Each structure stands twice: as structure tokens, then as C-alpha cells.
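Participant: Provided below for reference: sequence and predicted model.
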Amino acid sequence: MHIVPATLLSAAVTILSILFVFYTGINVAQMRGRHKISAPAVTGNPEFERAYRVQVNTIEQFVMFLPLLWLATAFFETPGWLPAVLGLVWIVGRIVYLRGYMAAADKRGIGFQITILATAALLVLSIIGVVQAWIAVHAA
Amino acid sequence: MHIVPATLLSAAVTILSILFVFYTGINVAQMRGRHKISAPAVTGNPEFERAYRVQVNTIEQFVMFLPLLWLATAFFETPGWLPAVLGLVWIVGRIVYLRGYMAAADKRGIGFQITILATAALLVLSIIGVVQAWIAVHAA
Amino acid sequence: MHIVPATLLSAAVTILSILFVFYTGINVAQMRGRHKISAPAVTGNPEFERAYRVQVNTIEQFVMFLPLLWLATAFFETPGWLPAVLGLVWIVGRIVYLRGYMAAADKRGIGFQITILATAALLVLSIIGVVQAWIAVHAA
């Protein structure tokens, strides 16, 4: 069996996560059409506003997630596939968040928590990886 | 003639795209001044609101564009300059979008479509590149 | 004494900057609770709106800052620690911005200017680095 390098796994997860971010925009466009909310307005119908919040919140989370995914991929060593798996958890959390939030604003909690957990885990791996690399420099 | 590496081309395009993102913020600040919209308000005048939407939408698009530009640059092999050229198309699409949207909300379509086309092409190159690298691992 | 590579310094600064971005979201959540602003609303109380603007503006700035930090880290050569130091200045500027803006909207100027200055300096280093690398290709 061949071991797929961690960078390839994280590249694939990055593509999947971008597809999800893209979908949150399609969702907003669909709600804009359904509820006749003409641009530049971003208010006027609760379902549209929830769709818009899903997109905005996803981008807020994405700009933290993606650098942490790649810091962890670059610096955390073993197991090398762990950052990519946490990236998949992040995407699942976002899907749960979107489905919950579109049903009702107070159902957005669980998906949000899964997302934050994955991000926090990637943060911990990044810190571990950077600290280990720092120590290795001084031990060299 | 010397061939400029793909990473240098994409680095130059990245700088240009960031300059455009920066300009969308300057445009908002100017409209804030012209129409006397004091922070933290982001509504109150249609031209200001269009400028603000241009900035927000550009950032939504930028966070997908930039990782795809670099995935394509890292993994798509021949021709190596293609990701950077698609990056230039993205920037042109954004300029057309800004000019159209500032004229009238319903003139934002063409520029938006050029942007999405460039992003979709970078997505395809990224997928091709990652799949090829994945196959190469298993063939090794 | 051991010299810590520029990539490690910038990785550490990236982690710190993400922690700050994360905090701007916590700040919004706290103001949402304090002023009873239920999602998906993002208006209704001036202090909440200022907190929300701090988060949005920080993300606008972050998506320009982070690629420039890493372009400068990758291409600007001497001194290698300069991009990371400018990254720290960016974070300090953001903290000053948050504290100023939360006190009053018209106190957001100084922190914003520190941020922009750090970003502009990273832009200049990135351009210098890319141009030098480009010249080196042609001189090879």
C-alpha cells in the first residue's frame, strides 16, 4: 500500500471546503430569488437573512480554518493524516450548521460547535508543530 | 529567454489581487464620506450600499480564489503559467464587476460571471493537479 | 545562539493573529448576549454594532495581511525576521483598533492606521522580494 502524503490529503480537503463555501453563496442567491430580495439589500426576509448569515459566518470561520489546516499540515508530524481528518470534521460541522440554521436560528448550535472543535484541534496541532520545530532548531 | 517560474507569476498576481481588494475598501471609505454614512452604519444610501456590497462580495470570492490559485500553481503542471493567467482574468472580472455594480445593481452580472468562470477554471486545474499527484504516488 | 528560520517566526505570528480574529468573534457573541440581539439580526444596539464592525473589518484586513505576510516571508530575504515583526505590529494595531472602536466609533482611527501601515510595509517587502527573485531568474 502507498501512503498518500499529508499535503495531498490537505489539498483535497481544501478543495472540498472551498466547494462548501461556494455552496453557501449559491444558497444565498437562491433565497434572494425565492424571497425577491434585490441586491444590494441583505435584509427583508428571515429565511434569506439566515442563509446570508450562514455564508458570512462560514467565511469568518474559513479564514481561520484554512491557515490552521496548512500550519498543522506543514509542522505537525505524526500522524500526518490528522490535519486532513480534522478538516473533514470541519466540513461536516459546517454542513450540520447550514442545515440547522436554515431550519431555525436556534438550531445552529451543534454544527457551530463541531466547527469550533475542529478549528481548536487544528490550532493545538499547529502550536505543537511550531513548538517542536522551534525546539529542533535549538537542539541542532 | 528565461522562463519565469509559475510560483513567481502567481506571487505577482496575488499582489495585484490584494491591491484590488484594498481598493474596494478605499471605495467604501470614499462613499462613506460622500454620503455622510457614519460608522458603524452600513446602510442609508444606495450608492454607499452598492460600494459596500462590492467589498463584501469581493472578499467572499477572494477567500475561494486565492487558495485555488495556489493549489493550481502547486499541483497543476503544464502549462505552468495557466493559473497566473486565470488569476489575471479573475482580477479583470472583479474590475468589471465593481464598475458595473457602482453604475447600477443590475449591471453587476457580467463581471461576476467572469470572476466565477476564472474561479471554476482554477478549481478544475486544482482537481486535475491533485488527482495526477495522487495517481503518481500510487504508481511510484 | 541559534537563528530561528523566518518561516517559524511567521508561523508563530500567524497563530497569534488567528487567535485575535477568533477573539473578535467571541466579542460579538458576548455583545449579542449582553444586548439581547438574537441571530440572524446584526443591528439593534450601537455597542453590538461596533463589535460586529470590528469583526468584519478585522476579517477584511486579515485576508490581505496573511497572504502578504507569507509572500514577504517567502521572497524577502534580509532581514528574514522583518515580516514576522511587521505581523506583530499588525496584531498590536488590531488590538488598539478593537479597544478604540469599542469605546467609541470615532476612536477607531489610530489602530486602523497602525494596521494599514503594517500591511503596506508587508506589501512593499513582497514587491521587493518578488522583483528580486524575478531579476535573479533573468540573471541566471
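Facilitator: In hand now; what should we look at? Keep in mind that what you see is a predicted model, and the values were worked out from it rather than measured.

Participant: what's the angle from the one helix or strand A:Arg53 maps to to helix B:46-75?
Facilitator: Assessed by DSSP states H and E, A:Arg53 sits inside helix A:46-75. With axes from the mean of the first three to the mean of the last three C-alpha atoms, to 10 degrees as the basis, helix A:46-75 and helix B:46-75 are set at 30 degrees to each other.

Participant: which helices and strands sit right next to helix A:46-75?
Facilitator: With contacts defined as 3 or more C-beta pairs under 8 Å, 6 or more residues apart in numbering or on different chains; DSSP states H and E, helix A:46-75 has these neighbours: helix A:6-34, helix A:82-103, helix A:109-139, helix B:46-75, helix C:6-34, helix C:46-75. C-beta coordinates here come from the backbone N, C-alpha and C atoms, glycine included.

Participant: any idea which of those gets closest to C:Leu88?
Facilitator: Proximity to C:Leu88, assessed across the helices and strands packed on helix A:46-75 by C-beta to C-beta, is greatest for helix C:6-34 (6.0 Å).

Participant: name the SS class of the residue in chain A that chain B sits nearest to, please.
Facilitator: The shortest separation between chain A and chain B is 4.1 Å, found at A:Pro40 (distances taken as C-beta to the nearest C-beta). Assigned by DSSP: H, G, I helix; E, B strand; the rest coil, the conformation of A:Pro40 is coil.

Participant: close to chain C: what parts of chain A are there?
Facilitator: Proximity of chain A to chain C, by C-beta under 8 Å from any C-beta of the partner chain, involves residues A:46, A:49-50, A:52-53, A:59-60, A:63-64, A:67-68, A:71, A:74-75, A:105, A:108, A:123, A:126-127, A:130, A:133-134, A:137-138, A:140.

Participant: quick one: buried residues of the helix holding A:Arg53?
Facilitator: By neighbour count with 16 or more other C-beta atoms under 10 Å in any protein chain shown, helix A:46-75 contains the buried residues A:48-75.

Participant: again with stretch A:133-140
Facilitator: Neighbour-count burial for stretch A:133-140 flags A:Ala133, A:Trp134 (criterion: 16+ other C-beta under 10 Å).

Participant: near chain B, which residues of chain A show up?
Facilitator: By C-beta under 8 Å from any C-beta, the residues of chain A that approach chain B are A:2-5, A:8, A:11-12, A:14-15, A:18-19, A:21-22, A:25, A:38-42, A:55, A:59, A:62-63, A:66.

Participant: redo that, cut-off 6 Å
Facilitator: Taking C-beta under 6 Å from any C-beta of the partner chain as the criterion, chain A approaches chain B at residues A:2, A:4, A:8, A:11-12, A:14-15, A:18, A:21, A:39-40, A:59, A:62.

Participant: now the two most distant members of those.
Facilitator: Once C-beta to C-beta is applied, these give A:His2 and A:Pro40 as the farthest pair, at 50.8 Å.

Participant: which of those two has more residues huddled nearby?
Facilitator: A:Pro40 (20 against 10; other C-beta atoms under 10 Å in any protein chain shown).

Participant: got phi/psi on that one?
Facilitator: With angles defined as degrees, to the nearest 10, A:Pro40 sits at phi -90, psi 10.

Participant: returning to what we had before: pretty sure the residue of chain A closest to chain B sits against B:Glu49.
Facilitator: Yes: under the criterion of C-beta atoms under 6 Å, A:Pro40 makes contact with B:Glu49 at 4.3 Å.

Participant: wait, what's in contact with A:Leu71?
Facilitator: Neighbour list for A:Leu71: A:Ser126, C:Ala11 [criterion: C-beta atoms under 6 Å, 6 or more residues apart in numbering or on different chains].
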